[in-house]
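[1] my questions are about this predicted structure, shown below with the sequence.
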Amino acid sequence: MTEKVVVPDIGDIRDVEVIEILIQPGEEIDAEQLLITLESDKAVMEVPAPFAGTVRKVALKVGDRVSQGTSILEMDIRGPDESSIADGQKAEAEPEPEPEPGKEPMLEVARRAGLDPLIKSMDTPATTVSPVHEVLSSPSGTGVHAGPSVRQFARELGADLSHVRGTGRKGRIVKEDVKRFVKEVLTGPGTGLFDLQALSLQPEIDFSRFGEIELRNLSRIRKVSADRLHRSWLGIPHVTQHGDADITAFEALRKKWNSKSAGPHLTLLPFVMKAVVAVLQRFPDFNASLGPGGEELIVKKYYHIGFAVDTPDGLVVPVSRNVDGKKIQELAGELAEISARARVKKLRPSEMQGGTFTISSLGGIGGTAFTPIINNPEVAILGVSRARLQGVYEGDALCPRMILPLSLSYDHRVIDGAAAARFIVFLADILARPEAL
Ligand code: CAO
């Protein structure tokens with residue numbers, strides 16, 4: 001029997017471009033073998049064969065634009081064994097009813113599978129449509145050979161079929177292949193969601209072809225921090241909110257204290273830490289972690305503030321505990337002592353654990369703004385850049401003010417942009433008024 005196969009229901013999209021014709025006249029094809037690939041603005045879709053058989057005539061060419069119902073090809077159907085029918089169109093196992101006079105068995109099977117509306121005509125050549133395979137925004141998935149149920153299964157698990165090796169007939173992907181792939185990803189190296197090692201692979205290039213080179217081993221600290229930073233960058237939707245704080249009054253106070261006090265030298269950082277704690281107390285969602293299933297926010301009632309320390313071996317983040325209960329001078333002494341030990345690798349692991357919020361201050365070095373990477377499992381991090389004297393209008397008068405640039409990166413799964421802006425505004429307000437602390 002000859003059937004005409006047309007473009008199936010592809011949603012509201014019309015005039016979709018044919019980017020590949022995967023069969024040719026005279027070719028023997030299997031049920032579910034891919035016939036054509038379509039590409040719209042949003043997705044690449046594959047149309048599989050509804051039946052096995054022989055292609056008689058191909059009605060399309062690459063570049064044609066098609067909509068639902070456009071003829072793809074005519075084919076002589078192989079049958080009537082059920083193996084010639086696409087997975088998605090197979091009927092439940094049940095006794096074969098007598099074919100109705102004048103109607104072909106294959107169409108009966110399709111009808112029992114609930115495909116009546118899709119069968120356009122019982123005339124010869126009959127017209128058959130096949131469920132479209134959508135390759136979700138992944139043109140690289142073009143050519144993936146898998147049935148609709150397997151695709152559905154993969155979609156539910158979030159598995160990209162273009163990375164799955166098919167062990168079925170002619171390399172077709174079966175459910176077991178998807179299960180094995182997911183298991184490998186979950187138990188293999190990387191985070192479980194991404195194979196970080198694979199993602200980080202650098203191309204092998206012989207740079208010595210272009211000039212002199214030197215090979216240096218990365219320090220253990222750098223390797224560990226690289227892995228953590230990469231995970232955080234990939235796993236957390238980061239947004240950075242920038243803002244300025246007028247710290248003129250704080251700077252005057254700090255200089256005065258430093259000139260008079262015999263205690264530890266005060267830098268800006270302990271003031272910023274104390275101010276941050278005041279802001280965290282006002283906005284507790286920033287002093288939190290997302291629960292393992294992503295369904296709960298674990299809000300912490302303690303304020304352990306991590307601060308990034310630049311060491312010759314790389315970045316480390318010691319944690320100052322219960323900052324809310326510490327005085328500025330006590331904090332200043334602690335910061336100096338801990339960062340000195342960090343730079344000679346004398347920190348204990350426990351001193352780098354339990355942080356609830358991190359501050360990364362590059363102000364001692366310079367720069368105007370940056371996008372700090374969240375120290376997972378925290379949900380936000382404050383970047384501090386170098387304060388500079390700027391002219392600011394106060395009424396009509398242009399006044400010199402010391403302005404501190406702030407950059408707050410936050411996890412957008414947990415924190416909204418408006419909350420982040422409020423955080424920065426409140427922090428700037430506290431830093432403008434020493435008496436607020
Ligand atoms: N604006 C202007 N001056 C600043 C400043 C700022 N934002 N921050 C610090 N300074 C000044 C300090 O006040 C100090 O000057 P004075 O002696 O006149 O007071 C000078 O710069 C040096 O400060 P510091 O950097 O040694 O001390 P700190 O307390 O501000 O910071 C520490 C300590 C450990 C955070 C810092 O030394 C450090 O390692 N920073 C790098 C952090 C980092 O690498 N972050 C990147 C992480 S992501 O890759």
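    Noted; the coordinates are in hand. Residues are numbered from 1 along each chain as shown.

[2] any weak-confidence spans in the stretch 1-150 of the chain?
    Within the stretch 1-150 of the chain, the segments meeting pLDDT under 70 span 41-44, 79-143, 148.

[3] tell me where it has helices.
    105-112, 148-157 (DSSP state H, counting those that start in this stretch).

[4] D160: how many residues sit nearby?
    If you count neighbours by other CB atoms under 10 Å, D160 ends up with 16. Where you see a C-beta, it was placed from the backbone N, CA and C, and this is true even at glycine.

[5] tell me how far it lies from the ligand.
    Distance, D160 to the ligand, using CB to the nearest ligand atom, to the nearest Å: 31 Å.

[6] contacts made by stretch 259-268 with the rest, please.
    Here stretch 259-268 makes contact (CB atoms under 8 Å, 6 or more residues apart in numbering) with 247, 250-251, 254, 257-258, 328-329, 332-333, 335-336, 361, 363-364, 384, 387, 404.

[7] now a ChimeraX select for only the buried ones of those.
    Selecting only the buried entries of the contacts of stretch 259-268 in ChimeraX, with 16 or more other CB atoms under 10 Å as the criterion:
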select :247,250,251,254,328,332,333,335,336,361,363,384,387,404
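
[8] residues touching the residue of the chain found nearest the ligand, list them.
    Scanning the chain for the residue nearest the ligand gives G363, at 1.9 Å (criterion: CB to the nearest ligand atom). Taking CB under 8 Å, 6+ apart, we find G363 in contact with 268-269, 384-387, 404.

[9] give me the phi and psi for it.
    The phi/psi pair for G363 (degrees, to the nearest 10) reads phi -60, psi -30.

[10] just the terminal-to-terminal distance for stretch 410-424.
    11 Å (CA to CA, to the nearest Å).

[11] what residues sit buried inside that stretch?
    Under 16+ other CB under 10 Å, the buried positions of stretch 410-424 are 410-411, 414-415, 419-420, 423-424.

[12] what residues are bridge-paired with F51?
    On the basis of DSSP bridges, F51 is bridged to I85.

[13] for it, grab the count of nearby residues.
    F51, neighbours per other CB under 10 Å, totals 26.

[14] same deal with S219?
    14.

[15] return the backbone torsion pair for it.
    Dihedral angles (degrees, to the nearest 10) for S219: phi -70, psi 160.

[16] is it true that it touches T311?
    No: using CB atoms under 8 Å, S219 makes no contact with T311, being 9.1 Å away.

[17] just the strands in the stretch 101-250 of the chain please.
    126-129, 133-135, 238-246 (DSSP state E, counting those that start in this stretch).

[18] tell me where the stretch 301-437 of the chain has strands.
    Under DSSP E, counting those that start in this stretch, the stretch 301-437 of the chain gives strands at 305-307, 309-311, 314-316, 319-320, 357-361, 380-384, 388-394, 397-411.

[19] buried sites along the longest one?
    Right, strand 397-411. Counting neighbours by 16+ other CB under 10 Å, strand 397-411 gives 401-411 as buried.

[20] which of those residues are close to the ligand?
    Residues shared between the buried residues of strand 397-411 and the neighbourhood of the ligand are L404 [CB under 6 Å from any ligand atom].

[21] ok, the buried residues of strand 397-411 vs V239, which is closest?
    The closest of the buried residues of strand 397-411 to V239 turns out to be Y410 (CB to CB; 6.0 Å).

[22] coming back round to it: in TSV: the contacts of G363, plus pLDDT.
    TSV is the format used below for the contacts of G363 (pLDDT from 0 to 100):
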residue	pLDDT
L268	94
L269	96
V384	98
S385	98
R386	97
A387	97
L404	98
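
[23] among those residues, which lie within helices?
    268-269 (DSSP state H).

[24] quick check: closest non-adjacent residue to G26.
    Excluding the flanking residues, the one nearest G26 by CB to CB, 6 or more residues apart in numbering is V55, at 6.5 Å.

[25] contact partners for the one you found?
    Counting by CB under 8 Å, 6+ apart, V55 has contacts 23-27, 29, 73-75.

[26] same for the ligand: which of these are within range?
    Counting by CB under 6 Å from any ligand atom, no member of the contacts of V55 is near the ligand.

[27] I'd like these as TSV, with neighbour count appended.
    Shown next, in TSV, are the contacts of V55 (neighbours: other CB atoms under 10 Å):
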residue	neighbour count
I23	18
Q24	10
P25	12
G26	9
E27	14
I29	22
L73	23
E74	20
M75	29
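
[28] and the residues you listed, which is closest to F153?
    For those, the nearest to F153 is I29 (23.5 Å; CB to CB).

[29] thought the closest one was touching L22?
    No: in this structure I29 lies outside contact range of L22 using CB under 8 Å: 9.1 Å.

[30] overlap in contacts of those two?
    What both I29 and L22 touch, as defined by CB under 8 Å, 6+ apart, is the set L35.

[31] correct me, but E20 touches V62?
    Yes: E20 sits in contact with V62 when judged by CB under 8 Å, with a separation of 6.7 Å.

[32] what about those two, which has more around it?
    Per other CB under 10 Å, whichever of E20 and V62 has more neighbours is E20, with 15 against 11.

[33] now that one. Nearest residue, chain neighbours left out?
    Using CB to CB, 6+ apart, the nearest residue to E20 is T37, at 3.9 Å.

[34] residues of the protein that sit close to the ligand?
    267-269, 307-310, 315, 335, 339, 360-364, 372, 384, 386-387, 404.

[35] could you redo the last one with a cut-off of 5 Å?
    267-269, 308-310, 339, 360-361, 363-364, 384, 386-387 (CB under 5 Å from any ligand atom).

[36] A288 is in contact with I298, isn't it?
    Yes: between A288 and I298 there is a contact under CB under 8 Å: 5.9 Å.

[37] between those two, who's got more neighbours?
    When neighbours are counted by other CB under 10 Å, A288 and I298 differ, and A288 comes out ahead with 23 against 12.

[38] that one and G363, how far apart?
    26 Å (CB to CB, to the nearest Å).

[39] ok, now F283?
    23 Å.

[40] likewise for I403?
    12 Å.

[41] which neighbours do these two share?
    The contact sets of I403 and G363 overlap at A387 (CB under 8 Å, 6+ apart).

[42] domain assignment for this protein?
    Following automatic domain parsing, one finds the domains of the chain at 1-95, 112-127+145-215, 222-436.

[43] how about the nearest residue to S67, chain neighbours excluded?
    R14 is the one closest to S67 (CB to CB, 6+ apart), at 4.3 Å.

[44] just checking, the one you found touches S40?
    No: with contact defined as CB under 8 Å, R14 does not count as touching S40 (9.3 Å).

[45] who's more crowded, the two?
    Higher neighbour count among R14 and S40: S40, with 15 against 12, using other CB under 10 Å.

[46] I'm done for today, thanks for sticking with me.
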